[in-house]
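A.B. asks: Sharing a sequence plus its predicted fold:
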Amino acid sequence: MMQLAALIPFFPLAGFIIIGLLNKRMPKNMAAMFACAMLLISFGLSVSVFMNISGHATEIQLFSWINAGTFSASFNFLLDPLSSIFLLIITGVGFLIHIYSIGYMHDDEKHNIFFAYLNLFIFFMLVLVLGSSYLLMFVGWEGVGLSSYLLIGFWFKNNSYNNAAKKAFIMNRIGDLGFLLGIILLFITFGSSDYATIFPKAQGFMTGDSMITTITLLLFVGAIGKSAQIPLYTWLPDAMAGPTPVSALIHAATMVTAGIYMVARSGILYALAPVSMYVVALIGVVTAVFAATIALTQNDIKKVLAYSTVSQLGYMFLGLGVGAFSASVFHVMTHAFFKALLFLGAGSVIHGLGGEQDIRNMGGLRKKLPITFITFLLATLAISGIPPFSGFFSKDEILAHAFASNKIFWVLGVIGSMMTAFYMFRLLFLTFYGTYRGDEHKVHPHESPSSMTVPLIILAILSTIGGFVGVPESLGGTSQISKFLDPVFQPAQAKMMMIENSSSISEIALMGITVAVVLASILLAWYFYVSRKRVPSPEGTKLPVLTNLSYHKYYVDEIYNALITKPLDAISLFLKNIVDNKLIDGIVNATGKLTEWLSGLMRFVQTGNVDFYLLAMVIGMACIIFFKLM
Amino acid sequence: MPTITLLILTFAAAFIALFMPIRYGNRFAFASSLVIFAYSVYLFITFPISPDYQNVVDYPWIESLGIHFKVGMDGISILMVMLTTFLTPLIIFSVRKSEPRPRAFYSLLLFMEMALIGVFVSMDGFMFYIFWEIALIPIYFICLLWGGKDRVKITLKFFIYTLTGSLFMLVGLIYLYLHTSGQHSFDIQSLYAAGKSLDAQHQCILFWFFFLAFGIKMPIFPLHTWQPDTYTEAPAQGTMMLSGIMLKMGIYGLIRWMIPMLPLGFSQNSQYAMWLAVIGVIYAGIIAFTQKDMKRLLAYSSISHVGLIAAGIFAFNAQGLQGSIIQMLSHGINVVGLFFVVDIIQSRTGTRDLGSLGGIRLKAPYLATVFAIIMLGAVALPLTDGFPGEFLLISGVFKFDNIMGAIAGLTIIIGAVYMLRAYQRSMLGETSTWTDSFSDITMAEKTVLIPIVIMVIVIGVCPNLFLRVSEPAIMKLLSGM
């Protein structure tokens, strides 16, 4: 049975190849159905893997990939509880988004290519989580980057979309260099990049070992790029240029969580490097708050969700950094449900409004898009962390661990939650409440077809009840998910000096504080955007300083442009025009000139006058005799 | 015997091509180069995994000077021969029907193939030098007669540059020859022994003599200024020959001749050479950022890639050397594909200027897809041919020196920047007046590009197919130090 699991990634790959090669020769419906069917098979296999998974990992050998000297890397897959959860998320949510795309992309002229790319993405994502070595994770890692590039720039006529795609690829590559160097160091230290070799050997290292610290920091650079953390997050909001299902699948539910997968997978290494753990937590919590402050003032429905994703990913890293590995993976799962739902809901709104994305031109859509509204509301409750919706349990577990490890992290995390609830409800109220602010003569808001609403409903159910697999003991639950993941994280937990969890009374008190704060900020949003009917000011109005900073994303893009892009272009021109053409070629030409000049000198000697030659000969002989005598 | 058969076949093809009726010229040249390829595939398949030279032939040539006609192949040579015989038919087939003086053109291309194979199989220093110089003659005429408008000036620069390098190599070879024991000989083993018998100081001087010769050919920073001009002005096939195969002569020379002959000179100077190579990776990559002429952009990208290959050799460990071998194959394949894509664009639009292009993907999706796949190979995406090489090379350099490894690693970012930019400016966006009536690639063009695309994937997925062939020879080289 487990051997069959090796086929999981290859169904989507087959889908990509077949749809890609046939392309226009394949009828639209057939291409879409085929792509969905490939994924459904993978999903079915993933479910059966999940059912049959046991505590210890199963390795499936495929073939030997790169050998050079002592270096060898194989193409093998690894099945364990961690990869099986990711398999379920990727194929399950992926399948729903494929279905949704049937409706969303129906009229697009490159419909078939879209499904081919989606299948390709799923293939690489599955390789990423199934690979049994860091090198294979890197294969999937770069592969999803490629798919993301192709899908962000899907509508390639528009150059600003192309620029967004290019930016995503290059920023990811910056992170990837860190990852790559980390892998090379792993090879040098452990002689392999296979998990099965590294993790047992790592147990022999001292906590705080400098090599392990370097490796984990380098790997984390990769995670920063892929999971859009400070300072490499600016590509993700731009990536919203892609079709909305892509934003849901790649830039919310799956690909961007690859960084979390990587750190969680390397749990034992991070457990040995407290410095790295601290860095992970710090970057995570700072990103969580920073991105949330930007989301507060954005007016593009997808941009709000994009910054929200950056912020939620920050929470996941905070969880990892304080040692709550299973809580982070739990949050990956619940986030996949509610964030995919939010994006798909946003897509449904955009679809219903004929492409409108600005929330200032929305409002009152509650009646016109009822299914979208209800599902969006459930997702908003889930992300805000209202019990008993899924986001509550996962985020709460992260915050509880943060409290145990560093009170400041906890405070920042709660502030972030407060802002999360505010910007999400601001978005909800401005979109669905009040009166419609668009031009009703031009746009006729309408509900989306069932191929789009059914995935919404399923995801809404998952967002609502998905948290029950992780109800903490303090609330009378059994934390099934952390028990399930325990075999994977046990070695790491054992290495860490785990601070005893605070008593369940104080844990409940902490929850109470968070929930109260969140409810207060929802009320505040209600007061502003429903009671007072406030609408964000139109483009060009002068904003208060802080609002302006947040609205312009702290001008980070402009700063990067001025500090990196522009100078590099100038250096490029300088190297070409001055160093290459003037300096190096100058020397080359000078050598040529020198030869010419020397030959000119020589020419003077060639006078053709026999007397002169005789004289020269006599002088020469005199010199030789003189020197011989010396 | 098979080695000589290969040389004779190629020479005969070149000779006959000169007298073929023009109508059959193209078909004959293509067919004969395919036969040569088929023969080398046969040799490759039957090639034993062994560190020793195979198919060695040794005839006395100028006995009194100790010069022999000695050829043979080890795992490194066979891969280089394979690369040559795989790319030559594609390059021949890419010649446009409108090319003037086609007979001479085909003949020169085949003649060049012979010389290149000769370089890769020579086991006698004198023969190596002869083939090395013979290879220059056809490419000189190809550039001079079929090149762009600045061809005369630029070909002269190229010619003088490489001849200067060769001169240093000749002096080096003769010096070593005079130090061979007993009756002087140019035999590869005698030259190895002669070089090793020298003291460190002499080896160091000779190291830089050979470095000049090989470094100019590749080219390594700062010996590269002939290259962008020549690549830009040469006709497409000339550029493909130069970048795809000919520059590998220099890299091959390092591995086959310089390192074993001058082990002390190498180990004492490799870190300096490494610095030059690594600087070249970054330097040329950054220059490529702002190039508008696609050919010139690819020329600088080639300097950058070759810099990394050289760095892998100077690192002198299994990863670096094996990486350089596999990367020579992938670089050859990618760069030929990319230059051909540029040639297609230029023949359709009359321009290679990125500012004038755009939107080609709308008109020619097939070309855009093929270009994308080869580009991914060039930016070393895993599962394409660029990755195994680049990964091994960066690992090798990193092992040699962490800082240099990290700097050389920047190539994965820099390469993505200029490649994606070139792709976007030419293929994506709206069409321009230049690309309005662009037609997708023809059957003939597909015939050239599809084998390249297949190899991009094959090398990416199973690099071991090639790595295992060169491994024993590389291990022997490493243990010989």
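C.D. replies: Perfect, I can see it now. Numbering: from 1, shown residues only, chains lettered A, B, ... in the order given.
A.B. asks: and the gap between residue B:355 and residue A:163?
C.D. replies: 16 Å (Cβ to Cβ, to the nearest Å). Bear in mind the C-beta positions are built from the backbone N, C-alpha and C, glycine included.
A.B. asks: More neighbours: which of these two?
C.D. replies: residue A:163 (18 against 11; other Cβ atoms under 10 Å in any protein chain shown).
A.B. asks: Next, the contact list for that one, please.
C.D. replies: A:238, B:424 (Cβ atoms under 8 Å, 6 or more residues apart in numbering or on different chains).
A.B. asks: Using the three-state scheme, assign it.
C.D. replies: Assigned with DSSP: H, G, I helix; E, B strand; the rest coil, residue A:163 falls in the helix class.
A.B. asks: Residues in contact with the helix or strand that contains residue A:568: which ones?
C.D. replies: Element membership for residue A:568 (DSSP states H and E) is helix A:566-574. Residues external to helix A:566-574 that are found in contact with it (Cβ under 8 Å, 6+ apart): B:286-290.
A.B. asks: Report the residue spans of the stretch 301-450 of chain B with pLDDT below the cut-off.
C.D. replies: Along the stretch 301-450 of chain B, the model assigns pLDDT under 70 to no residue.
A.B. asks: Which residue is the nearest non-sequential neighbour of whatever residue of it ends up closest to chain A?
C.D. replies: With Cβ to the nearest Cβ, the shortest gap between the stretch 301-450 of chain B and chain A falls at residue B:318, namely 2.5 Å. Nearest residue to residue B:318 in three dimensions, chain neighbours excluded: residue A:69, at 2.5 Å (Cβ to Cβ, 6 or more residues apart in numbering or on different chains).
A.B. asks: Neighbours of the one you found, how many?
C.D. replies: 18.
A.B. asks: So what does it look like in phi/psi?
C.D. replies: Here is the backbone geometry of residue A:69 (degrees, to the nearest 10): phi 60, psi -130.
A.B. asks: per the record, what domains does the chain have?
C.D. replies: No chain specified, so I'll use chain A. Structurally, chain A divides into domains by automatic domain parsing as follows: A:292-538, A:565-629.
A.B. asks: Hmm, no, I was thinking of chain B.
C.D. replies: B:1-261, B:268-481.
A.B. asks: Residue 446: neighbour count?
C.D. replies: Here I'm looking at chain A. 12.
A.B. asks: please go with chain B instead
C.D. replies: 15.
A.B. asks: before we move on, back to that, most tightly packed of the domains of chain B?
C.D. replies: With neighbours taken as mean count of other Cβ atoms under 10 Å in any protein chain shown, the domains of chain B reach their highest mean count in domain B:268-481, at a mean of 22.
A.B. asks: picking that back up, present the domains of chain B as JSON lines; the columns should include distance to residue A:328.
C.D. replies: Below are the domains of chain B laid out as JSON lines (distance: least, Cβ to Cβ, whole Å):
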{"stretch": "domain B:1-261", "distance to residue A:328": "46"}
{"stretch": "domain B:268-481", "distance to residue A:328": "26"}
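A.B. asks: least trustworthy helix or strand in chain A by mean pLDDT?
C.D. replies: None of the helices or strands of chain A scores lower by mean pLDDT, DSSP states H and E than helix A:585-605, at a mean of 82.
A.B. asks: Confirm residue B:221 sits in a strand?
C.D. replies: No. Assigned with three-state DSSP, residue B:221 falls outside any strand and is coil.
A.B. asks: what separates the closest residue to chain B within chain A from residue B:49, distance-wise?
C.D. replies: Here the residue of chain A nearest chain B is residue A:69; by Cβ to the nearest Cβ that distance is 2.5 Å. In this view, residue A:69 and residue B:49 are 15 Å apart by Cβ to Cβ.
A.B. asks: ditto for residue B:344
C.D. replies: Residue B:344 is 39 Å from residue B:49, by Cβ to Cβ.
A.B. asks: Give me the buried positions along the helix holding residue A:568.
C.D. replies: A:571-572 (16 or more other Cβ atoms under 10 Å in any protein chain shown).
A.B. asks: what's the answer for stretch A:40-49, then?
C.D. replies: Buried-residue list, stretch A:40-49, by 16+ other Cβ under 10 Å: A:40-43, A:45-46, A:49.
A.B. asks: got CSV for these, with distance to chain B and secondary structure too?
C.D. replies: Below are those laid out as CSV (distance: Cβ to the nearest Cβ, whole Å; DSSP: H, G, I helix; E, B strand; the rest coil):
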residue, distance to chain B, secondary structure
A:40, 25, helix
A:41, 22, helix
A:42, 19, helix
A:43, 24, helix
A:45, 22, helix
A:46, 22, helix
A:49, 24, helix
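A.B. asks: Just name the lowest-scoring one in the residues you listed, pLDDT-wise.
C.D. replies: Within the set of the buried residues of stretch A:40-49, pLDDT is lowest for residue A:49 (90).
A.B. asks: so is the nearest residue to that residue once chain neighbours are set aside in a helix, a strand, or just coil?
C.D. replies: Nearest non-adjacent residue to residue A:49, counting by Cβ to Cβ, 6+ apart: residue A:5, 4.8 Å away. Here residue A:5 is recorded as helix under three-state DSSP.
A.B. asks: was I right about residue A:5 contacting residue A:45?
C.D. replies: Yes. With contacts counted by Cβ atoms under 8 Å, residue A:5 reaches residue A:45, the gap being 6.1 Å.
A.B. asks: show me where the stretch 101-250 of chain A has strands.
C.D. replies: In the stretch 101-250 of chain A, no strands are defined using DSSP state E, counting those that start in this stretch.
A.B. asks: Flag every residue of it that's near chain B.
C.D. replies: Counting by Cβ under 8 Å from any Cβ of the partner chain, the stretch 101-250 of chain A comes close to chain B at A:135, A:138-139, A:142-143, A:146, A:149, A:153, A:156-159, A:162-163, A:166, A:169-170, A:173-174, A:176-177, A:180-181, A:184-185, A:187-188.
A.B. asks: same question for stretch B:13-22, mean pLDDT?
C.D. replies: Stretch B:13-22 comes out at a mean pLDDT of 88.
A.B. asks: May I have it exported as PDB, CA atoms only?
C.D. replies: Only the C-alpha atoms of stretch B:13-22 are listed here, as PDB (Å, rounded to 0.1, in the frame of the first residue of the first chain):
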ATOM      1  CA  ALA B  13      32.700  14.900 -44.800                       C
ATOM      2  CA  ALA B  14      34.200  18.300 -44.600                       C
ATOM      3  CA  PHE B  15      36.200  17.700 -47.800                       C
ATOM      4  CA  ILE B  16      33.300  16.200 -49.800                       C
ATOM      5  CA  ALA B  17      30.900  19.000 -48.600                       C
ATOM      6  CA  LEU B  18      33.200  21.500 -50.400                       C
ATOM      7  CA  PHE B  19      32.400  19.800 -53.800                       C
ATOM      8  CA  MET B  20      28.800  18.800 -53.200                       C
ATOM      9  CA  PRO B  21      26.300  20.400 -55.600                       C
ATOM     10  CA  ILE B  22      24.700  23.300 -53.800                       C
END
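A.B. asks: Contact partners for residue 105?
C.D. replies: Just so you know, I chose chain A. With Cβ under 8 Å, 6+ apart, residue A:105 has these contacts: A:111, A:114-115, A:243, A:245.
A.B. asks: wrong one, I was asking about chain B
C.D. replies: Neighbouring residues of residue B:105 by Cβ under 8 Å, 6+ apart: B:95, B:99, B:142, B:146, B:237.
A.B. asks: which residue sits closest to the fourth one, ignoring its sequence neighbours?
C.D. replies: Nearest residue to residue B:146 in three dimensions, chain neighbours excluded: residue B:235, at 4.0 Å (Cβ to Cβ, 6+ apart).
A.B. asks: Backbone dihedrals for that neighbour, please?
C.D. replies: Main-chain torsions, residue B:235, degrees, to the nearest 10: phi -70, psi 160.
A.B. asks: So it versus residue B:106, what's the distance?
C.D. replies: 13 Å.
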